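Undergrad: task: produce atomic coordinates for the following.
(one chain, ligands or ions: 2)
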Amino acid sequence: MKPSLHEALQIDMKQINREIENIVKYDKDVPRTSVLARSVLQLIRSGGKRLRPMLVIAGSRFGSAMPGRRQLQLAAAAEFIHAASLIHDDIIDRSDLRRGTPSLHTQTGVAKAVHIGNYMSARVVELLSVYTSDHDRFVHDLSSLATAQLCIGEYTQLDHTYDYDLSLTQYLEKTRCKTAQLMATCLRVGALSADAQPETAGRLYRFGESLGMAFQIEDDILDFTATAESLGKPAGSDLRRGQVTLPVLYALTDPVLAPHIRAIQADSSEEQLEYVLQGIRSGDALAQSEQMRRHYLQEAEEAAEPLRGHPAYEQLEVLQCYFGGKTA
Ligand code: FPP
Ligand code: MG
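TA: Ligands and ions are numbered 1, 2, ... in the order given. The predicted structure is shown next:
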């Protein structure tokens, strides 16, 4: 049987999960039995691929220092930031399901979920400032810069809902902010925390950024190709909510389909949506999107190339294989 990503990278997920839970369990201001602590723990335990923590650990293996507790704490912080962003994302997207189970706001109500998400991102800033000394200010890239980019990416996306004149450049920039930068930062911060050379950390950043772009494009493609069961939410959700993703952008160049796409609005009927979904599935848009995904995978490979020969290079090959092999 094919090993899972953490097995292939030889990462102990139990240690990472314990560290993530410790962030809330050892918060002196939040009783463990409180709704807040229990909601965060339930969310953390509900699953997730833990990609971002794995990227921190993989990055740390490019350093000269032995990775240890500090890298686990940074890995846990990365997952906390990501989980907080998903709480907000599900509220914004009005997504009742996450990973096939009711999303947090459907259980707590929107107002409490907003506070839980805010608590989680603020707690990361607090924690990372405790771990950070003057010589490792790069840690703040994770706690503040990456979170700011996530917010900017999401804001841009919201600002362009049902905007069928969105340009490819705008789409790519939004994707970079909302997905690629955090992944890139995870690799870079992991590397710098283990005293990697700045040049190596920079290469890892570019590698992670390209991989992140490919990852989000795949997510966009899956909205058209995957089943509701595997997505954990209804297929076509992005289109329904006015997300002009890459397949939609390409499909808009088809003069026959374009007016039907442009007619999709919040109050469109299921028949209208289904017509457009089928039109996108049967045209060239998905193949063109897949080509763009391949372009970013190629870019990742080129960014990794100068690191060939490094004892940890194999980690990058494993990541390329994992990110590269899915949709095709
Ligand atoms: C998933 O997108 C969402 C993101 C990659 C980032 C969301 C970021 C925010 C809402 C800002 C976060 C704010 C704070 C304070 C942390 P998607 O909807 O394309 O993917 P999905 O299919 O997983 O829902
Ligand atoms: Mg969403």
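Undergrad: residue boundaries of the helices in the stretch 201-328 of the chain?
TA: According to DSSP state H, counting those that start in this stretch, the stretch 201-328 of the chain carries its helices in the segments 228-231, 237-240, 246-251, 258-262, 270-282, 285-304, 313-324.
Undergrad: how about the stretch 1-150 of the chain?
TA: Under DSSP H, counting those that start in this stretch, the stretch 1-150 of the chain gives helices at 5-8, 13-25, 35-45, 51-60, 69-92, 104-108, 110-131, 139-140, 146-159.
Undergrad: give the closest residue to the closest residue to ligand 2 within the stretch 51-200 of the chain in space, chain neighbours not counted.
TA: The stretch 51-200 of the chain approaches ligand 2 most closely through D93 (3.9 Å), counting by C-beta to the ion. (Each C-beta comes from the backbone N, C-alpha and C, glycine too.) Distance criterion C-beta to C-beta, 6 or more residues apart in numbering; nearest residue to D93, sequence neighbours excluded, is R241 at 5.9 Å.
Undergrad: residue in the stretch 201-328 of the chain nearest to ligand 1?
TA: D219 (5.7 Å; C-beta to the nearest ligand atom).
Undergrad: ok, that residue - contacts?
TA: D219 makes contacts with T179, as judged by C-beta atoms under 8 Å, 6 or more residues apart in numbering.
Undergrad: you'd agree the residue of the stretch 51-200 of the chain closest to ligand 2 is up against S237?
TA: Yes: using C-beta atoms under 8 Å, D93 makes contact with S237 at a distance of 7.4 Å.
Undergrad: compare those two (neighbour count), which wins?
TA: Neighbour count, other C-beta atoms under 10 Å: between D93 and S237, D93 has more, with 20 against 16.
Undergrad: quick check on the more buried one: phi, psi?
TA: In terms of degrees, to the nearest 10, the main-chain angles of D93 are phi -80, psi 0.
Undergrad: shaky segments in the chain?
TA: By pLDDT under 70, the low-scoring segments of the chain are 1, 134-135, 233, 326-328.
Undergrad: contact residues of it facing ligand 2?
TA: Counting by C-beta under 5 Å from the ion, the residues of the chain close to ligand 2 are 89, 93.
Undergrad: run through who's touching stretch 230-246.
TA: By C-beta under 8 Å, 6+ apart, the residues outside stretch 230-246 that reach it are 93-101, 157, 160-164, 166, 171, 217, 220-224, 226-228, 248, 264-266, 268, 273-274, 276-277, 280, 289, 292.
Undergrad: any idea how far ligand 2 is from E270?
TA: Between E270 and ligand 2 the distance is 20 Å, computed by C-beta to the ion, to the nearest Å.
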